[in-house]
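Colleague: how does the following fold in three dimensions:
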Amino acid sequence: MKYVAISTIAKEYLLTNYGSFFQHYALRKVLKSLGFHPFRVQSTKERKYKILHIVESLKNFLRPYYWAIKRLPQRRFYVMRIRKNKEQVRLFETDYKSLIGEIEEPMTFDESTVGIMGGDQVLWVDEERVWLHDIKDGNPIISYAASGDWEFISNDINTQLFLKNELSRFSAIGVREQLGVDLISKILSNAKPIKHVIDPVLFLSKEDYFEIQSQKAIFKKPTLFCYLVNIRSMEELQLDKYISLAKNLDCDLMMLGIQGADVYIPKEFSVSLSPREFLRAIHDSQYYITNSFHGSVFALIYEKNFLSVSQNNRPGRDQNQRQKELMQKYNVANRWVGNEISFKEMQMQLESKLDWVSISEKINGERAESFEWLKRAIASDS
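Modeller: Numbering: from 1, shown residues only. So this is what the prediction gives:
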């Protein structure tokens, strides 16, 4: 049995971000079906994890007191972030162990080990192990569904030069967004073909996720479920709009937040969920709203009445391009909305019908095509 070294998004996201968790789970499941033994590449930084964890814990302990002297709102923010992050990691670690295995697993770089980089936003880390320099010369090294902040990459010449140097070693390159395909082709001067492939999460069907989702219902009444990331203020959350929308839809309102959004969601609307419970929450929801790329992917898989809402971008960054492209690809561009949309417009969109037969057929076709590409690429001896 050949080993496959998977270089993917950092451990901190695997244990706090639902999309990062399931893209890794799905890719490993596919590789196992092809007869390979996958393992996750641990960065050099992770090997020093215990020391770093002690230092980071000390910083986290002292930070709230620093902000207590400066400004009270920031102190509250950091205290809540620390508490909620610990709770998330605990929930994720349990499901990671039951679905995937140990987070720190043996790495076997033998004579036949091949390498895969990707499945999430990875095209920026400057570290030899992450870029699979441990793979023996002549063995396949491929990129599968690798992604990055394409706006940042397109405007940063140093990152482009770095990517050109590293990706020139790869035997096959598959990228998640068409914008990325075009940009990487340009960076490599069209020296190699770049394949547009689906996110690993889409390799698995709704039935596959039914098998691993929580068996216990999360919502027992009709519910508007909102999964939000990267919210930085109560104003950005727009809670009143969601309350009004839920009332008009005659639904309960429940919200799940990560990466900062969690600290702004009031307790009466907030849920903390393990990855398996997250899947069940989407399954149980009557309506579903998210501003997350993978959150939107799961809406398509579970065939939900959904909206994909834009995020507020930071200067020089674009968190929305991948969602917009996803919506356009599956002919549901009307489900992509700006965060300035009114709750009445949201209701109108949520209650409109989607052609799930056509969407499912397109996903199935792309799934088969991407699977065949991955199978050929990883089995290649070239």
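
Colleague: tell me which stretches of the stretch 251-382 of the chain form helices.
Modeller: Taking DSSP state H, counting those that start in this stretch to define them, one finds helices in the stretch 251-382 of the chain at 275-284, 293-302, 321-329, 343-350, 356-379.

Colleague: show me the contact partners of the shortest one.
Modeller: What it means is helix 343-350. Contacts to helix 343-350, defined as Cβ atoms under 8 Å, 6 or more residues apart in numbering, come from residues 241-242, 244-245, 248-249, 287, 289, 305-307, 334-335, 337. C-beta coordinates here come from the backbone N, C-alpha and C atoms, glycine included.

Colleague: make a markdown table from these and add neighbour count and pLDDT to it.
Modeller: As requested, the contacts of helix 343-350 are arranged in a markdown table below (neighbours: other Cβ atoms under 10 Å; pLDDT from 0 to 100):
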| residue | neighbour count | pLDDT |
| --- | --- | --- |
| 241 | 16 | 96 |
| 242 | 20 | 96 |
| 244 | 16 | 96 |
| 245 | 23 | 96 |
| 248 | 15 | 96 |
| 249 | 20 | 96 |
| 287 | 22 | 97 |
| 289 | 27 | 97 |
| 305 | 19 | 95 |
| 306 | 25 | 97 |
| 307 | 26 | 96 |
| 334 | 11 | 91 |
| 335 | 23 | 93 |
| 337 | 18 | 91 |
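
Colleague: identify the farthest-apart pair in these.
Modeller: Pairwise distances among the contacts of helix 343-350 were taken by Cβ to Cβ; the largest, 21.0 Å, belongs to 244 and 334.

Colleague: quick one: which of the contacts of helix 343-350 is nearest to residue 33?
Modeller: Closest to residue 33, out of all of the contacts of helix 343-350 and judged by Cβ to Cβ, is residue 306, at 28.9 Å.

Colleague: the closest one: what's it in contact with?
Modeller: With contacts taken as Cβ under 8 Å, 6+ apart, residue 306 has the following neighbours: 287-290, 296, 299, 335, 350.

Colleague: ok, now which ones touch residue 135?
Modeller: Listed by Cβ under 8 Å, 6+ apart, the contact set of residue 135 reads 5, 109, 113-115, 141.

Colleague: what pLDDT does the residue lying closest to residue 279 once chain neighbours are set aside get?
Modeller: Leaving aside its chain neighbours, residue 279 sits nearest to residue 213 (3.7 Å; criterion: Cβ to Cβ, 6 or more residues apart in numbering). At residue 213 the predicted local distance difference test score is 98.

Colleague: quick thing: my sequence starts at 14, can you match it?
Modeller: Got it, first residue is 14 now, which makes that one residue 226.

Colleague: wait, residue 226 touches residue 288, no?
Modeller: No: the pair formed by residue 226 and residue 288 falls short of the contact definition of Cβ atoms under 8 Å, at 9.0 Å.

Colleague: these two: which is more packed in?
Modeller: In terms of neighbours (other Cβ atoms under 10 Å), residue 288 is the more surrounded of residue 226 and residue 288; the figures are 24 against 21.

Colleague: any stretches of the stretch 264-395 of the chain with poor pLDDT?
Modeller: Screening the stretch 264-395 of the chain residue by residue with the criterion pLDDT under 70, one finds the ranges 328-330, 394-395.

Colleague: what is the burial count for the nearest residue to residue 218 once chain neighbours are set aside?
Modeller: When the adjacent residues along the chain are set aside, residue 218 lies closest to residue 314, with 7.4 Å between them (Cβ to Cβ, 6+ apart). For residue 314, the tally of surrounding residues (other Cβ under 10 Å) stands at 20.

Colleague: ok, residue 43 - contacts?
Modeller: For residue 43, the contacting residues are 213, 216, 384, 387, taking Cβ under 8 Å, 6+ apart as the criterion.

Colleague: please disregard the earlier target; I meant residue 135.
Modeller: With contacts defined as Cβ under 8 Å, 6+ apart, the neighbours of residue 135 are 20-22, 143, 159-161.

Colleague: what's the closest of those to residue 231?
Modeller: residue 22 (25.7 Å).

Colleague: the closest one reaches residue 134, doesn't it?
Modeller: Yes: Residue 22 is within contact range of residue 134, at 6.2 Å (criterion: Cβ under 8 Å).

Colleague: thought the residue nearest to residue 218 was touching residue 219?
Modeller: Yes: in this structure residue 314 lies within contact range of residue 219 using Cβ under 8 Å: 5.4 Å.

Colleague: now do the SS call for the residue nearest to residue 307 when sequence neighbours are not counted.
Modeller: Nearest-residue entry for residue 307: residue 32, 2.4 Å, with adjacent residues in sequence omitted and distances by Cβ to Cβ, 6+ apart. With DSSP: H, G, I helix; E, B strand; the rest coil as the basis, residue 32 sits in helix.

Colleague: OK, contacts around residue 32?
Modeller: The neighbourhood of residue 32, defined by Cβ under 8 Å, 6+ apart, consists of 133, 214, 305-308, 310.

Colleague: sweet, I'm off.
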